[in-house]
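[1] For reference, the sequence and a predicted model appear below.
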Amino acid sequence: MASTINGTSTGNGGLISTGDDSGILNIQTNETTAITVDASQIVSYTNNLGTVAGYPAYQCRAWVNFNGIGTVSIRGSGNVSSITDNATGRYTINFTTAMPDANYSVSGITQNVDEMGIMIDGVYDTTPAVMTASALKIDTARSSTTYDCTTVCVQIFR
């Protein structure tokens, strides 16, 4: 169950609310949930965050900041369960909750020993990113040579 606030176009002055002690809040319009806030204060949207001034707003579905040198270690992340070190400068980012499909956008930046700008997915490399709903394979490279990096930051939008 959940506590619910429902903006409705029929009766009750336009607002219906119900409650329980689950710590979950659903915000609805005409009995269709648009936003859920769970007991951990994680916010979920069911319609691409709705619209703002007629334009849809999209959220970052996953992000990670990790050390790619030696034993890979995640410094911080959201919706990333683990990083797999496949080879020098080649990593797999595994999602905690899968994307709806592989049609997402990826951006990122790396840093290596006080240098910025080694490219995510090696723009100069010949290996394209492999994108699935559950994971993303990336390369960090410069001039078609893959490198392990001290800092790798990747964001996934859908």
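    Arrived safely, thanks for sending.
[2] When you work out contacts or count neighbours from here on, use the C-alpha atoms and nothing else.
    Noted.
[3] now stretch 77-94, how far from the chain's geometric center?
    14 Å (C-alpha atoms, centre = their mean, to the nearest Å).
[4] Stretch 106-113 now?
    Distance of stretch 106-113 from the chain centroid (C-alpha atoms, centre = their mean) equals 16 Å.
[5] cool, stretch 145-158 as well?
    Relative to its chain's centre, stretch 145-158 lies at 14 Å (C-alpha atoms, centre = their mean).
[6] ditto for stretch 15-27
    On the basis of C-alpha atoms, centre = their mean, stretch 15-27 sits 26 Å off its chain's mean C-alpha point.
[7] For that stretch, list every residue counted as buried.
    Residues of stretch 15-27 classed as buried: 16, 24-27 (neighbour count, 16 or more other C-alpha atoms under 10 Å).
[8] now do the same end-to-end measure for it.
    The straight-line separation of the ends of stretch 15-27 (C-alpha to C-alpha, to the nearest Å) is 11 Å.
[9] quick one: pLDDT of the closest residue to Val154 other than its chain neighbours?
    The spatially closest residue to Val154, leaving aside those adjacent along the chain, is Gly108, at 4.2 Å (C-alpha to C-alpha, 6 or more residues apart in numbering). Model confidence at Gly108, given as pLDDT, is 87.
[10] Okay, now the sheet partners of the helix or strand where Gly108 lies, with direction.
    Gly108 is part of strand 105-112 when elements are defined by DSSP states H and E. Strand 105-112 pairs in its sheet with strand 115-116 (antiparallel), strand 151-157 (antiparallel), by DSSP bridges.
[11] what's the average pLDDT for the first one?
    In this model, strand 115-116 has an average pLDDT of 56.
[12] now do the last one
    Per-residue confidence for strand 151-157 averages out to 91 on the pLDDT scale.
[13] List the residues that contact Gly108.
    Shown in contact with Gly108 (C-alpha atoms under 8 Å, 6 or more residues apart in numbering): 120, 152-155.
[14] Kindly apply the preceding question to Met99 instead.
    By C-alpha under 8 Å, 6+ apart, Met99 lies in contact with 61, 133-134.
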